[in-house]
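Enquirer: Here is the input, now give the coordinates:
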Amino acid sequence: MPDPITINDYTIEPGEHKEIQLNIARLPTYTNIDLPVHVFRSEEDGPTLLLTGGLHGDELNGIEIIRRMISNDLLMPKKGSIIALPLVNVYGFIQNVRGLPDGKDINRSFPGVKGGSLARLLAHTLMNEIVPQIDYGIDFHTGGAARSNYPQIRCTLDIEKNKELGEAFGAPFVIHSSLIEKSFRKAAHKKGKHILVYETGESTRFDEFGIQEGINGTLRLMKHLGIRDEAPNPIQETKIYRKTTWVRAKYAGLFRPQIELGDKVKQRQVLGHVNDPYGNEQFKFKCPHDGQVIGLNYAPVVHKGDALLHLAYE
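Expert: Below is the predicted model of the structure:
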């Protein structure tokens, strides 16, 4: 029989589903901000998988992925446990912004400090109440500032378990991403936990294709871990890339791409144009490598140096 899981002095026994409220702090209006945590447990022993969405408050696709999985009863495990936090950054969600009222990014505030800034307090709560209970995790994100991502897993391919989990998820792309200082992923890695990052779409907007891919990939990972028996097959072969680069604007103006997210592109292929707003000048930009488009800037107005598209290549 598996051991009980205890979070914030609440005990969740095998076979139970409980929603726990983690109190973080209060708004200036003295309204409490609580962090809802869903815990789903099987009566059979097995791994514990963490699902987190909304670490950045304006990144909605991960919130919707976890919400749908809870709503459609997809998270009750056959073996092991699932801990699901659909919305981590309640403050940012309320204000429709990435960070917190103190201006800090939670994902650059780990492992956190109990008496630190709001971001570091929230990070400390996750690291002390949640992370000790888990074995693996998926942290759901989107692109930001009008930049959209094609569905992809980011993990450290040099860590064999990361690579195994990334391939099991079965997203269209698995992208090598080194562990970043003060990130959730690196702080969890130091505790012996393996966290994948799933990216799809852009902030403040739903990406239906990426949401469904996120749900299906999570089910595939659960099946791989023995948490469930069935999962949908991937819709396309997973491509693994170790290198990426941003193609940046050499001129300011109006950006008009000639490619779409997910497209395969060739070296020296024209990817689009940056035009001046008065109809006098047009500048084309070309692809530096053979590869695939994993991110695209949908903002028409760009400045010199702005990222236009994210390219994965061998």
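Enquirer: Tell me which stretches of the stretch 1-150 of the chain form strands.
Expert: Using DSSP state E, counting those that start in this stretch, the strands assigned to the stretch 1-150 of the chain run over residues 5-7, 10-12, 17-26, 32-41, 48-52, 81-85, 136-143, 147-155.
Enquirer: Redo these as CSV? Include mean pLDDT, mean neighbour count and distance to E199.
Expert: The way it works is simple: take the backbone N, C-alpha and C, and place the C-beta from them, glycine included. Below are those laid out as CSV (pLDDT from 0 to 100; neighbours: other CB atoms under 10 Å; distance: least, CB to CB, whole Å):
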stretch, mean pLDDT, mean neighbour count, distance to E199
strand 5-7, 95, 17, 27
strand 10-12, 94, 15, 30
strand 17-26, 93, 14, 25
strand 32-41, 95, 18, 23
strand 48-52, 98, 24, 13
strand 81-85, 98, 24, 18
strand 136-143, 98, 24, 5
strand 147-155, 98, 25, 4
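Enquirer: Could you point out which of those sits nearest G115?
Expert: Using CB to CB as the measure, strand 17-26 is the one of these that comes nearest G115, at 11.9 Å.
Enquirer: picking up where we left off before, using CSV, please lay out the strands of the stretch 1-150 of the chain together with distance to P288.
Expert: Below are the strands of the stretch 1-150 of the chain laid out as CSV (distance: least, CB to CB, whole Å):
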stretch, distance to P288
strand 5-7, 48
strand 10-12, 51
strand 17-26, 44
strand 32-41, 43
strand 48-52, 34
strand 81-85, 39
strand 136-143, 20
strand 147-155, 18
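Enquirer: The longest helix along the chain: which residues count as buried?
Expert: If you go by DSSP state H, the chain has its longest helix at helix 208-224. Along helix 208-224, the positions that meet the burial threshold by neighbour count (16 or more other CB atoms under 10 Å) are 210-224.
Enquirer: coming back round to it: among the strands of the stretch 1-150 of the chain, which is nearest H124?
Expert: For those, distance to H124 was read as CB to CB. The smallest value, 10.1 Å, belongs to strand 17-26.
Enquirer: Adjacent strands (with direction) for that closest one?
Expert: According to DSSP bridges, the neighbouring strands of strand 17-26, each with its direction, are strand 32-41 (antiparallel).
Enquirer: which residues are contacting the strand it pairs with?
Expert: Strand 32-41 is contacted from outside by 2, 5, 7, 12-27, 70, 75-77, 81-88, 90-91, 122, 125, 130, using CB atoms under 8 Å, 6 or more residues apart in numbering.
Enquirer: what's P300 in contact with, if anything?
Expert: So P300 contacts L254, F255, R256 (CB under 8 Å, 6+ apart).
Enquirer: Provide the count of other residues in contact range of the last one.
Expert: In other words, R256. Around R256 sit 12 other residues, with neighbours defined as other CB atoms under 10 Å.
Enquirer: And the first one, by the same measure?
Expert: Counted with other CB under 10 Å, residues neighbouring L254 total 14.
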